[in-house]
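Chemist: Everything below, folded, please.
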Amino acid sequence: MAYDPTRRPDLVTTRLSEIYPELPRGEQAIVRVLLDDYPFAALGSLRSLADRAKVSPPTASRLITRLGWSGFSDFQDAVRTQVKEQDQSRLRQFVSTTPTEPNQAAEQLLAGLSSTIDAASETLLGRIGALLAKAGSVWAIGGPLNELAADYLVRQLSGLRPNVHQVPQATAARARSLVDLGRHDLIIAYDFRRYAPGVARFVRAARTRGTRLVLITDAWESPLAGDAEVLLRLPREATGPIAPLTHVVAVTELILVATVPHLAGSTERLAELDALTEELQRPE
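Modeler: Reported below is the predicted structural model:
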């Protein structure tokens with residue numbers, strides 16, 4: 001996909017996430033450094049960025065060119081502009097009301113939700129939707145609280161296609177789930193700070209069996225980021241001090257909508273489910 005760097009600069013981080021699966025390993029390492037310590041990693045020298053990613057400066061330079069900038073200084077200008085606009089946006093959110101006013105909380109929630117939706121670009125959603133539709137089986141997993149988002153995905157997606165499961169909590173049950181996983185299957189993991197060790201253990205065990213991974217994480221980035229085929233990062237301002245579940249559920253709903261076009265017969269399946277539900281509820 002051709003990228004126009006004259007677009008809104010706040011799409012810099014979105015572009016990095018979008019292009020990540022298409023990159024060779026060396027350039028992926030640079031993207032991980034940039035996203036893990038954004039914007040600071042982007043504001044040093046090209047050589048220091050390459051050293052942090054353990055690649056050569058020409059590899060870092062190729063990534064910048066691939067992203068659409070004429071040089072590293074132009075890329076840095078775009079990053080600075082993004083940071084400036086984000087800072088101004090945060091300032092506007094906080095100067096008009098006091099922390100105790102309920103409408104400020106609503107405004108912050110809406111602002112974070114808007115940033116989250118911006119991060120879930122059409123390209124990323126389309127990629128995730130195609131994977132969810134074509135996988136032999138789909139397994140969803142989340143850490144504390146975010147297992148609710150995983151459960152929501154399973155409940156909705158199982159109405160659209162078969163073989164959709166939530167990873168069980170018990171260790172023995174997780175082991176039984178792993179036995180049948182393979183390269184035709186897909187895990188979609190929700191992993192946010194503070195990252196859940198149990199999620200990482202299950203996902204990495206599944207990855208050794210060839211299972212593919214879609215990861216939804218935060219601005220600080222899960223330790224599983226390097227294992228993901230598709231990585232969807234929610235922006236820093238979207239997480240907030242209590243990491244509202246609203247944002248994660250909203251992204252999940254966008255993913256579900258993006259999956260439907262890739263599923264033949266989903267409308268008929270939903271109609272049959274409705275008919276069966278009505279039949280089972282009918283009094284004797």
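Chemist: C-alpha only now, for contacts and for neighbours.
Modeler: OK.
Chemist: which residue sits closest to Trp220 in space, ignoring its chain neighbours?
Modeler: The spatially closest residue to Trp220, leaving aside those adjacent along the chain, is Asp36, at 5.6 Å (Cα to Cα, 6 or more residues apart in numbering).
Chemist: Okay, domains of the chain per the record?
Modeler: With automatic domain parsing serving as the domain definition, the record reports that the chain contains domains spanning 9-82, 119-270.
Chemist: among these, where is the model least confident on average?
Modeler: Of all the domains of the chain, domain 9-82 carries the lowest average pLDDT, namely a mean of 86.
Chemist: Determine how far it lies from the middle of the whole chain.
Modeler: Going by Cα atoms, centre = their mean, to the nearest Å, the spacing between the C-alpha centre of domain 9-82 and its chain's C-alpha centre is 19 Å.
Chemist: now stretch 109-117
Modeler: For stretch 109-117, the gap between its own C-alpha mean and the chain's C-alpha mean amounts to 14 Å (Cα atoms, centre = their mean).
Chemist: How about the helix or strand containing Arg269, which residues are buried there?
Modeler: Assigned by DSSP states H and E, Arg269 falls within helix 266-281. Under the neighbour-count criterion of 16 or more other Cα atoms under 10 Å, helix 266-281 has 266, 269 buried.
Chemist: repeat for stretch 200-219
Modeler: Buried-residue list, stretch 200-219, by 16+ other Cα under 10 Å: 200, 202-203, 206-207, 211-219.
Chemist: hey, C-alpha coordinates of it in CSV?
Modeler: C-alpha atoms of stretch 200-219 as CSV (Å, rounded to 0.1, in the frame of the first residue of the first chain):
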residue,chain,number,x,y,z
ALA,A,200,2.4,-15.5,27.3
ARG,A,201,3.1,-19.1,28.3
PHE,A,202,0.0,-20.4,26.4
VAL,A,203,0.6,-18.3,23.3
ARG,A,204,4.3,-19.3,23.1
ALA,A,205,3.5,-22.9,23.5
ALA,A,206,0.9,-22.6,20.7
ARG,A,207,3.4,-20.8,18.5
THR,A,208,5.8,-23.7,18.8
ARG,A,209,3.1,-25.8,17.1
GLY,A,210,2.8,-23.3,14.3
THR,A,211,-0.4,-21.6,15.4
ARG,A,212,-0.7,-18.0,14.2
LEU,A,213,-1.2,-15.0,16.5
VAL,A,214,-3.2,-11.8,16.3
LEU,A,215,-2.2,-9.6,19.3
ILE,A,216,-4.1,-6.6,20.7
THR,A,217,-1.9,-4.7,23.1
ASP,A,218,-1.2,-1.2,24.4
ALA,A,219,1.3,1.5,23.7
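Chemist: pretty sure Leu132 contacts Leu186?
Modeler: Yes. The pair Leu132 / Leu186 is scored as a contact, 7.2 Å apart, by Cα atoms under 8 Å.
Chemist: Find the residues that touch each one of these two.
Modeler: Common neighbours of Leu132 and Leu186 are listed as Val138 (criterion: Cα atoms under 8 Å, 6 or more residues apart in numbering).
Chemist: mind checking the end-to-end distance for stretch 142-150?
Modeler: End-to-end distance of stretch 142-150: 6 Å, with Cα to Cα, to the nearest Å as the criterion.
Chemist: That one: which residues count as buried?
Modeler: Residues of stretch 142-150 classed as buried by neighbour count (16+ other Cα under 10 Å): 142-143, 146-150.
Chemist: Inside strands: which ones of those residues?
Modeler: Those of the buried residues of stretch 142-150 mapping onto strands are Gly142, per DSSP state E.
Chemist: Okay, and which of the buried residues of stretch 142-150 map to helices?
Modeler: Cross-referencing the buried residues of stretch 142-150 with the helices (criterion: DSSP state H) gives 147-150 as the overlap.
Chemist: rewinding a little: now, among the buried residues of stretch 200-219, which is nearest to His262?
Modeler: Proximity of the buried residues of stretch 200-219 to His262, judged by Cα to Cα, is greatest for Val214, which lies at 16.6 Å.
Chemist: was I right about the closest one contacting Ile128?
Modeler: Yes. Checked against Cα under 8 Å, the pair Val214 and Ile128 is within contact range at 7.1 Å.
Chemist: so what sits against both of these two?
Modeler: Common neighbours of Val214 and Ile128, using Cα under 8 Å, 6+ apart, are Val230.
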